[in-house]
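Asker: Build the 3D model from these lines:
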Amino acid sequence: MGLATAVRRPIERTIRFGVVSDPGQLRLRSAGATTITLVLALVVLYAVTRVLGQPITVAMLGTVVAMFTSFVVKDRTTRDKLITTALIPGPAVAAVSLSAVLAQHGKIADVGFIAVLFTAVWVRRFGPRGFALGMASFISYFFALFLRASPSQIPLLALSIVIGVAVAFAVRVAFLREPAGAELRRLTNALRASCVSVLEITAPNNAGDSDDIRRGLERLANTALMIEDWLDRNEASIHLSVTSDDLSRRVFDAQQATEQLVFALDRLDRAWPPTLGRAMLAVAATLHNSPSDQQLRAARKVVSVGTADPVDQTGVALHYAMRTVAAHTALHRVAVNAVQAPPSTKNVDADDDPDDPSTVEGSWISRLEPSTRSAIQVAIATSIATVLGELVSPDRWYWAVLSAFVVFTGTTTRGEILTRAGHRVVGTVAGVFAGVLLSALVGQRPVLQLLLIVVCVFFAFYLVTIANSLLVFFVTILLAMLYGLLGTFSIAVLEVRIEETLVGATVGIGAAFFILPTRTRQNLVEKVDDYLDKLDAVIVASVDSVAAPGSGVDLVPLARELDTALQDTITAAKPFGFGPTTRARRGTARLVRVLETCDRAARSLAKAGISAAGADADTAPRAETIDSLRAGTDLVRSSLSSLREVVRGESDEYEDGLDESDPAGAFTFSGRSPESGATRAAVRALNRLDHAAALTRVPV
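Answerer: Sure, this is the predicted structure:
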């Protein structure tokens, strides 16, 4: 039995790591669809070119377009994804035709390439569809230029593109046939796996530290946001016995209760007492994917013992263990394929673009659309990269242009572009060494080379969201295998790829820093501003709900908007992690930790507001309690306002509402302690918010 347990636990942890690192298997399915599209398109197009007596290059173009079509289409709904996929042949065929015609006029083709690159970036202003169509035109022009297509080949190349996109469309339809409820089940399973993973870090015999806990909670928050994203694209009542709003609240409760339990356990500096050990076993039982009703009842019975009076830290942990069991039990009670409820009336398109460019103040550069600024930068960078790339290698100059273009993909600030360029260089250098080694081991074995190409495609697109350098690494290995398959492999070719990549990346960085630059710090300040605005909205709405119970207001959407704003802020802060100065790195990391702490306290405050919203109106706090609550709220908002000024650089001094003699609380109540649990929870949350805001001085 001991041996079986010793073998089973590592396997379970490995499986759970896979689930946590890829919630809902979305990356796995995306990479799988892209790989299957590549293989099917290659097989079909190879057969077609053999029948028509055409060279393999015709099949290669359609295959590449099919592969990128599968990957770049990122619309939110199934219908929009299919429409975008069906539209791709238009710009792709137009780009190929333009490339084939201009290629007959020498350097004019380079000018056309730069124009296509400018347009491909500019159309990103139209959202995911604009991004996909722009990338399709870029890829098509690039490969038509690379394959030296002639005007006489345009009809065949157009046919190849249409067939390739048709294959991508068919694979997408096949992958989208899965019921949306199955995706939701995988996401809720991932939510539970994330909870187990972060709770394990707090176990007495675990060596995890605060950074491990922070990363675990970040994964948990990301998984919860992915469920919210699913709710934006689907109606829960079609698949479950609850409405979308109800499911959103249950997920919010489960996430928030687990986070509070994690921090309560982390504060225990000794082994768990038997009562807490039994409670944690009950929590673990509710975090299984398919517990029986008997197991859920038993778990609730275990945690209901000894949790009424959390007078010490163990009692606090027991209290949150009870809440965690209750929250996850409620999530388990959601039945699949049950009676359909009326559709939700929420408008997911409302306020999609709150930053109207016409209202932005500042210089003419700041008033430019981000896509326009990037398009101008790309046009200038690729022009310079074309000239310098041809000086390095007249036959391989396009790698420099490609690198200069790619560093702008998905980036908006100088720091992001610098990070992307660094990833590309590192991935290329590592990929060259790996490609040379694999080419020496594989030799001239076409079947094995093709197999490695397919494997590289899968891992490139599976790992791209983790690090762009991994995408470049596997693509470089793929090129080595492809050159070997075509009989043109040489170390010199891969060396040129490194040189051209360095040229393109350097030019891209230069364009980002000196041509219509967007400062990374300015972007971070804007994200922090947006976060603090949403935090203020949560505070005001939650306190209003606690002060006037029974309002029925739903605070979960506000809390989720706050979570999204935090993730945007964390993304904006990432370039500072590679900054040249220790002060900037440490200051930004400290700011992020402060905002994460504020976020957790704000969710507790929102939870108190939700509880009060469903209570009876006669449970309202006493007048003096409300006055004290609002006074404390004003102190918290004042502290956050001061924090905002420091982040903006408008003030060097941070003023907070805390009394140095009482750092644990910003305000207290006069008279008796309030009877309402929601009121007490709101007070604790406000104190934590003010204390968290006071933990920073000049952050960046």
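Asker: State the distance from the closest residue to residue 607 other than its chain neighbours to residue 296.
Answerer: Excluding its sequence neighbours, the residue lying closest to residue 607 (C-beta to C-beta, 6 or more residues apart in numbering) is residue 256, at 5.6 Å. Backbone N, C-alpha and C define where each C-beta goes, glycine included. Residue 256 sits 20 Å away from residue 296, going by C-beta to C-beta, to the nearest Å.
Asker: what's the answer for residue 267, then?
Answerer: Distance from residue 267 to residue 296, counting by C-beta to C-beta: 28 Å.
Asker: what about the two, which has more around it?
Answerer: residue 296 (20 against 11; other C-beta atoms under 10 Å).
Asker: which SSE is the closest residue to that one other than its chain neighbours in?
Answerer: Excluding its sequence neighbours, the residue lying closest to residue 296 (C-beta to C-beta, 6+ apart) is residue 329, at 5.1 Å. Residue 329 belongs to helix 313-332 when assigned by DSSP states H and E.
Asker: next one: the host helix or strand of the residue nearest to residue 607 to chain centre, how far?
Answerer: Secondary structure assignment for residue 256, by DSSP H and E: helix 244-266. Mean-position distance between helix 244-266 and its chain equals 20 Å (C-alpha atoms, centre = their mean, to the nearest Å).
Asker: report the angle between the axes of the following helix or strand past it and helix 313-332?
Answerer: With elements assigned by DSSP H and E, the helix or strand that comes after helix 244-266 is helix 274-286. Using axes from the mean of the first three to the mean of the last three C-alpha atoms, to 10 degrees, one finds that helix 274-286 and helix 313-332 are set 20 degrees apart in direction.
Asker: Buried residues in helix 274-286, which are they?
Answerer: 275, 276, 278, 279, 280, 282, 283, 284, 285, 286 (16 or more other C-beta atoms under 10 Å).
Asker: Nearest residue to the third one in space, please, no chain neighbours.
Answerer: Closest residue in space to residue 278, ignoring its immediate chain neighbours: residue 302 at 5.6 Å, by C-beta to C-beta, 6+ apart.
Asker: okay, that neighbour: pLDDT?
Answerer: Looking at residue 302, its pLDDT is 87.
Asker: And residue 134, by the same measure?
Answerer: Taking residue 134 on its own, its pLDDT is 91.
Asker: likewise the one 5 residues further on?
Answerer: Looking at residue 139, its pLDDT stands at 89.
Asker: which SSE is it in?
Answerer: Assessed by DSSP H and E, residue 139 sits inside helix 128-146.
Asker: And that helix, what's buried?
Answerer: Those would be 128-146, for helix 128-146 by 16+ other C-beta under 10 Å.
Asker: avg pLDDT for the next helix or strand after that helix?
Answerer: The C-terminal neighbour of helix 128-146 among helices and strands, as given by DSSP H and E, is helix 154-176. Mean per-residue pLDDT for helix 154-176: 90.
Asker: Helix 154-176 - contacts with which helices or strands?
Answerer: helix 26-52, helix 56-72, helix 78-87, helix 89-102 (3 or more C-beta pairs under 8 Å, 6 or more residues apart in numbering; DSSP states H and E).
Asker: what angle sits between the helix or strand that that helix is followed by and helix 26-52?
Answerer: Heading C-terminal from helix 154-176, the first helix or strand you meet, by DSSP H and E, is helix 180-201. Angle, helix 180-201 to helix 26-52, by the same axes, to 10 degrees: 130 degrees.
Asker: And helix 180-201, what's buried?
Answerer: So helix 180-201, judged by 16+ other C-beta under 10 Å, has buried residues 180-181, 183-184, 186-201.
Asker: residues in contact with the following helix or strand past it?
Answerer: Downstream of helix 180-201, the next assigned helix or strand under DSSP H and E is helix 210-233. For helix 210-233, the external contacting residues (C-beta atoms under 8 Å, 6 or more residues apart in numbering) are 20-21, 23-24, 26, 76-77, 180, 183-184, 187-188, 190-191, 194-195, 197-198, 201-202, 244, 247-248, 251-252, 255, 258-259, 262, 266, 348, 560, 563-564, 566-567, 570, 593, 596, 600.
Asker: still on that earlier bit, give me the distance from the helix holding residue 329 to the chain's centre.
Answerer: So, by C-alpha atoms, centre = their mean, the centroid of helix 313-332 is 28 Å from its chain's centroid.
Asker: Okay, buried residues for that helix please.
Answerer: For helix 313-332, the neighbour count (16+ other C-beta under 10 Å) marks 314-332 as buried.
Asker: How about stretch 426-440?
Answerer: 426, 427, 428, 429, 430, 431, 432, 434, 435, 436, 438, 439.
Asker: just checking, the second one touches residue 464?
Answerer: Meaning residue 427. No: taking C-beta atoms under 8 Å as the definition, residue 427 is not a contact partner of residue 464, at 10.5 Å.
Asker: shared neighbours of those two, which are they?
Answerer: Taking C-beta under 8 Å, 6+ apart as the criterion, residue 427 and residue 464 both touch 470, 471.
Asker: same question for stretch 492-503, mean pLDDT?
Answerer: Rounded mean pLDDT across stretch 492-503 is 83.
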